[in-house]
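Participant: Dropping the sequence and predicted coords here.
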Amino acid sequence: SYIWYQNELLPRQAVQISPDDRGYYFGDGLYEVFRVYHGVVFEAAGHFDRLERTAKALRIPLPFSRSVMEEKLQELIRLNDVQTGNIYLQITRGIAARSHPFPAYAEPVLMAYAYPYERPLEAMRHGISAVTGEDIRWLRCDLKTLNLLPNVMAKQEALDRGADEVILHRSGTVTECSASNVMIVKNGILRTHPANHLILHGITRYVVLGLARELGIPVIEEPFTLEALGQADEAFVTGTTVEITPIIRIDDRPVGNGAPGPIVQQLQTAFDTAISSR
Ligand code: PLP
């Protein structure tokens, strides 16, 4: 497979990464995961907007223009023959001797690759289980940075507890999951945490809220409690790779009647139409 590293498209084994890359020392960088359907990047503009917003907040200058990046991603898709798949792209602050301050001279380092990845049809159809856990992350969860240790720890704890995913909360207020946003339905109303500094502003979240509005499903973007989560009729996660996946058990209790509910199925159908018409 091919990797876009700095100015080159290289076979994976030819890529040489510096031990002094600040991505290793400090997690000093940002990333994006793009979805590819029918060989085309889905919702590219939203992902690039978020990439630019994160880069600006971290004061990492983007090494390439959006049009060059778009062109290169399309080349990766073609070189790796991806129809349905993902693209991972990361940019670190650069290479310099280990020291906390921003280096005086450092060129940002870009690395990206594309790979086939099927839609998670089983999980989407039958649903997944989740446990709840304290959200111990920092206060800029809106930035898509490489610092993912709290997410990794939370996900592993969920797996160790026999669940598929973890629903994070800050002192009883539900935020999101380890790598997806979370939504609930109660009495026909869709609820999800507002897009502020406490969650990642998911592209899929945005697409799904748009579909809900088109379908006439009332949407409330306000924080909700663990108690509300426990009493929800439906719950589901949204994310680039998980799409819209129902949660059918939380902390060993069924959500609603323990099967994917009508609203999540309606949204999944609308999402299917959205991805096949682009
Ligand atoms: N929340 C977190 C913490 C994530 O890592 C992700 C990324 O997959 C999401 C939410 C969902 O965002 P998106 O829909 O842009 O993939």
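Facilitator: Cool, the structure landed.
Participant: Can you give the contact residues for stretch 2-22?
Facilitator: Stretch 2-22 is contacted from outside by 1, 28-29, 63, 72, 75-76, 79-80, 89, 92-98, 103, 106, 109-113, using C-beta atoms under 8 Å, 6 or more residues apart in numbering. The way it works is simple: take the backbone N, C-alpha and C, and place the C-beta from them, glycine included.
Participant: so which of those residues also contact the ligand?
Facilitator: Residues shared between the contacts of stretch 2-22 and the neighbourhood of the ligand: none [C-beta under 6 Å from any ligand atom].
Participant: filter these to the buried ones?
Facilitator: The neighbour count (16 or more other C-beta atoms under 10 Å) marks 28-29, 63, 72, 76, 79-80, 89, 92-96, 106, 109-113 as buried among the contacts of stretch 2-22.
Participant: quick one: the residue of the chain positioned farthest from its centre and V152, what's the gap?
Facilitator: Of all residues in the chain, A104 has its C-alpha farthest from the mean position, at 31.8 Å, by C-alpha atoms, centre = their mean. Applying C-beta to C-beta, to the nearest Å, the value for A104 to V152 is 32 Å.
Participant: do the same with A179
Facilitator: Here the distance between A179 and V152 works out to 9 Å (C-beta to C-beta).
Participant: Between those two, tell me which one has more neighbours.
Facilitator: A179 (20 against 11; other C-beta atoms under 10 Å).
Participant: show me the contacts for that one.
Facilitator: By C-beta under 8 Å, 6+ apart, the neighbours of A179 are 151, 155, 239, 241-242.
Participant: quick revisit: in helices, which of the buried ones among the contacts of stretch 2-22 fall?
Facilitator: Secondary structure assignment by DSSP state H places 72, 76, 79 of the buried ones among the contacts of stretch 2-22 in helices.
Participant: And those residues, which is closest to V33?
Facilitator: The nearest member of these to V33, counting by C-beta to C-beta, is L76 at 13.3 Å.
Participant: In this structure the closest one contacts Y113, no?
Facilitator: Yes. With the criterion set as C-beta atoms under 8 Å, L76 and Y113 qualify as a contacting pair; they are 6.3 Å apart.
Participant: Between these two, which contacts overlap?
Facilitator: Taking C-beta under 8 Å, 6+ apart as the criterion, L76 and Y113 both touch 2, 4, 87.
Participant: For I203, see how far away Q266 is.
Facilitator: When distance is defined by C-beta to C-beta, Q266 is 20 Å away from I203.
Participant: of those two, who's got more company?
Facilitator: I203 (24 against 14).
Participant: Name all residues that make contact with M183.
Facilitator: Listed by C-beta under 8 Å, 6+ apart, the contact partners of M183 are 190-192, 205, 208, 235-238.
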